[in-house]
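J.: no sequence for this one, just the structure:
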């Protein structure tokens, strides 16, 4: 019988040995709930030396995947927020004004910005909300991506280590307050669209992040949060971070005994108050709607807990 390259006979029924890449991926996946397909794609791209643009709503594990990879690789993760204040000087770095006055310009008094920091250390530069960054900043970034080097006045050329990557995220185009990315910018990146995870994975995320073992509370929190994403009065729903905070707050409220205890615990009312606190700031009411965030959350809460909206009942804790 012919043998495979690894020495296992074909047709023997023995499991195929895992490649080194697959084993490393499995190590990285331990720090990420779900997202196996997306993790495979991101890992393949950065291993191939490519830069990635992740497009999707907040709270969808984009930075979590990247942090897990950099932790596994042993390289820095340098986070930058894309906004109008992210000027080229803030991105690349600047000379210390006090030392310039005292010593004149020199490489010694240069204070590296996040781009140079990531290049020198061979780390991942991650820019959140790329479509909020100024155009001249993007031009500097694209040059560094193309050449893997930057020229800093009075310092000289800085070349990136081989593991340097540029990753970025952006909101979908219909989000208010963002700018469209030009074709020349898109041409520099591999692009991956990232959506919300399914309900089971979001429950697992909430359980991990809160440490809660109350499956009913986790299910309530995730269900209420997911309902905000499709509500007709909302232009923006909450990410899983809303569910995480809802469950964490509800756990603490239960300890205060303000909602009863044991069989007398008014769980629905407790969950409503936690939802008001955790979700009202994370949702965006449509401009044409006359409802407030609190009214929308109350509607979602009534639909979730009661067959007839407005009728209250006590539900014992499990």
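T.: That came through fine. Worth saying up front: this structure is predicted, and the values here are computed from it rather than measured.

J.: right, and residue 204 touches residue 33 too?
T.: Yes. Judged on Cβ atoms under 8 Å, residue 204 makes contact with residue 33 at a distance of 4.9 Å. For glycine as for every other residue, the C-beta is placed from the backbone atoms N, C-alpha and C.

J.: who's more crowded, these two?
T.: Using other Cβ atoms under 10 Å, the more surrounded residue of residue 204 and residue 33 is residue 33, with 20 against 15.

J.: can you give me the domain boundaries for this structure?
T.: When the chain is parsed with automatic domain parsing, its domains come out as 33-193, 199-305.

J.: okay, residue 223 and residue 275: tell me how far apart.
T.: Between residue 223 and residue 275 the computed distance is 10 Å (Cβ to Cβ, to the nearest Å).

J.: which of the three states applies to residue 228?
T.: Put simply, residue 228 is helix when judged by DSSP: H, G, I helix; E, B strand; the rest coil.

J.: all helices of the stretch 51-200 of the chain, in order?
T.: Assigned by DSSP state H, counting those that start in this stretch, the stretch 51-200 of the chain shows helices spanning 62-73, 88-92, 97-103, 114-121, 135-147, 183-186, 199-210.

J.: can you list those in JSON lines and add distance to residue 167 and mean pLDDT?
T.: Below are the helices of the stretch 51-200 of the chain laid out as JSON lines (distance: least, Cβ to Cβ, whole Å; pLDDT from 0 to 100):
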{"stretch": "helix 62-73", "distance to residue 167": "6", "mean pLDDT": "91"}
{"stretch": "helix 88-92", "distance to residue 167": "14", "mean pLDDT": "90"}
{"stretch": "helix 97-103", "distance to residue 167": "31", "mean pLDDT": "60"}
{"stretch": "helix 114-121", "distance to residue 167": "10", "mean pLDDT": "93"}
{"stretch": "helix 135-147", "distance to residue 167": "11", "mean pLDDT": "88"}
{"stretch": "helix 183-186", "distance to residue 167": "14", "mean pLDDT": "78"}
{"stretch": "helix 199-210", "distance to residue 167": "21", "mean pLDDT": "93"}
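
J.: mind putting those helices in JSON lines, distance to residue 253 included?
T.: Converted to JSON lines, the helices of the stretch 51-200 of the chain look like this (distance: least, Cβ to Cβ, whole Å):
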{"stretch": "helix 62-73", "distance to residue 253": "27"}
{"stretch": "helix 88-92", "distance to residue 253": "41"}
{"stretch": "helix 97-103", "distance to residue 253": "50"}
{"stretch": "helix 114-121", "distance to residue 253": "39"}
{"stretch": "helix 135-147", "distance to residue 253": "44"}
{"stretch": "helix 183-186", "distance to residue 253": "46"}
{"stretch": "helix 199-210", "distance to residue 253": "13"}
